[in-house]
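# sharing a model prediction with you, sequence too.
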Amino acid sequence: MSQFQFSGQRMFPPVVLNLIIVNALVFFAQKTFSEQSLAINDLFALHSVQSVFFKFYQLVTYMFMHGSFEHLFFNMLILFMFGSSVENYIGSRKFLFYYFACGVGAALLHMVVLHFEMMPYYDMLRQFSPEEQQNLLNSSGTVFNSITVGASGAIYGCLLAFGFLFPDAIINLWFFVPIKAKWYVLILGAIEFFLGIRNSAGDTVAHFAHLGGAITGLIILLIWNKSKRKSF
C-alpha cells in the first residue's frame, strides 16, 4: 500500500505536459542545428566519466536529447500514458523530483557498467604511442567518447511507479493478452536485465540505464512509503 493522496485526474498534468513540450523543443533544436550535432552531443549528451567530454550537468541534460523521432515519440507516448497517472496520484512536485531522480539514477548505473565494459579498450590503448592515445581520447565519436541520450531511464522509473501504485491495473500494450501492471513491469525488467548481460554486438540500447531508472524509482517509492503510514 502507499501513503500518497490522490490529487484528481487530469489528462495532461502539468509536469508531464511540460516535459513533453521541452523534449519536443530540444529535439527540434537538435534537427535545426544538425550541422553542429557533434558539438551539441559533446556538450549535452552523457559521456563516460573517463571521457574528456564528461560534465556533471550531463546527468540531467542527456534526458532531453533523443537520437531519432521514433526514440522521442515512444518515450513521450509512454510518459503520457503512464506518467500522467503517476503524477495525478502522487502530485506534481513529487513527480518532478521522482522523474529527474530516476533519470540521474539511470545515468549513474549506466556509467558504472560502462566503466567496466570500457576497461579492455583502455588496455588496448597501451599499444599506441602517447600522441596516438591522446588523439583517440580527445576525438569525438570514438569508442572512448561514445554518448548516451534519451529519457528512457526516467520513463522506466515511471513504468515502475505505475506498477507499484496500480499493481492490478490491466495493460494491453505490447502484449496479445491483457496483463496486470505489476507483472508487466517485472517482465520488462527481466527482459532488460537479460539483454543487458547478453550485450549483443550492434545493440546500442542502454539496458542498464533502463534498469537504473526502475531501481531508483523503486527505492524512492519504498522510502516514501516507509516515511508515512497513510494508505490508499
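Arrived safely, thanks for sending. Treat the numbers as computed from the prediction; the structure is a model and nothing was measured.
# quick one: the strands in the protein, in order.
46-47, 147-148, 170-171, 179-180 (DSSP state E).
# how about these, which one is nearest N135?
With respect to N135, and counting by C-beta to C-beta, the nearest of these is strand 46-47 at 17.1 Å. Quick note: C-beta positions are derived from backbone N, CA and C, even for glycine.
# what's the mean pLDDT across the closest one?
Per-residue confidence for strand 46-47 averages out to 92 on the pLDDT scale.
# again, but for stretch 194-201
With pLDDT averaged residue by residue, stretch 194-201 scores 82.
# residue ranges for the helices of this structure, please.
With DSSP state H, the ranges of helices along the chain come out as 14-32, 37-44, 58-61, 69-78, 84-90, 92-124, 130-138, 152-165, 181-198, 207-227.
# among those helices, which is the most enclosed?
helix 152-165 (a mean of 26; mean count of other C-beta atoms under 10 Å).
# kindly export that one (C-alpha atoms) in PDB.
What follows is helix 152-165 as a C-alpha-only set of coordinates in PDB (Å, rounded to 0.1, in the frame of the first residue of the first chain):
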ATOM      1  CA  SER A 152      14.200   6.100 -21.300                       C
ATOM      2  CA  GLY A 153      15.800   5.700 -17.800                       C
ATOM      3  CA  ALA A 154      13.300   8.200 -16.300                       C
ATOM      4  CA  ILE A 155      10.500   6.600 -18.400                       C
ATOM      5  CA  TYR A 156      11.300   3.200 -16.900                       C
ATOM      6  CA  GLY A 157      11.000   4.800 -13.500                       C
ATOM      7  CA  CYS A 158       7.500   6.000 -14.500                       C
ATOM      8  CA  LEU A 159       6.600   2.500 -15.600                       C
ATOM      9  CA  LEU A 160       7.900   1.100 -12.300                       C
ATOM     10  CA  ALA A 161       5.800   3.700 -10.400                       C
ATOM     11  CA  PHE A 162       2.700   2.700 -12.300                       C
ATOM     12  CA  GLY A 163       3.200  -0.900 -11.500                       C
ATOM     13  CA  PHE A 164       3.900  -0.100  -7.900                       C
ATOM     14  CA  LEU A 165       0.900   2.200  -7.400                       C
END
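# pLDDT (mean, whole number) over it?
Across helix 152-165, the average pLDDT comes to 97.
# tell me what angle it forms with helix 92-124.
Our comparison of helix 152-165 with helix 92-124, counting by axes from the mean of the first three to the mean of the last three C-alpha atoms, to 10 degrees, yields an angle of 130 degrees.
# what helices or strands is helix 152-165 leaning on?
When contacts are defined as 3 or more C-beta pairs under 8 Å, 6 or more residues apart in numbering; DSSP states H and E, helix 152-165 packs onto helix 69-78, helix 84-90, helix 92-124, helix 181-198, helix 207-227.
# so which of the helices of the chain is nearest V52?
helix 130-138 (5.6 Å).
# out of the helices and strands packed on helix 152-165, nearest to Q134?
Comparing the helices and strands packed on helix 152-165 by C-beta to C-beta, helix 92-124 comes nearest, at 13.4 Å.
# tell me how far the closest one lies from the chain's centre.
8 Å (C-alpha atoms, centre = their mean, to the nearest Å).
# need the per-residue pLDDT for A39.
In this prediction, A39 has a pLDDT value of 83.
# which residues touch stretch 158-167?
In this structure, residues lying in contact with stretch 158-167 by C-beta atoms under 8 Å, 6 or more residues apart in numbering are 2, 4, 78-79, 82-83, 85-86, 89-90, 98-99, 102, 169, 180-182, 184-186, 188-189, 213-214, 217-218, 221.
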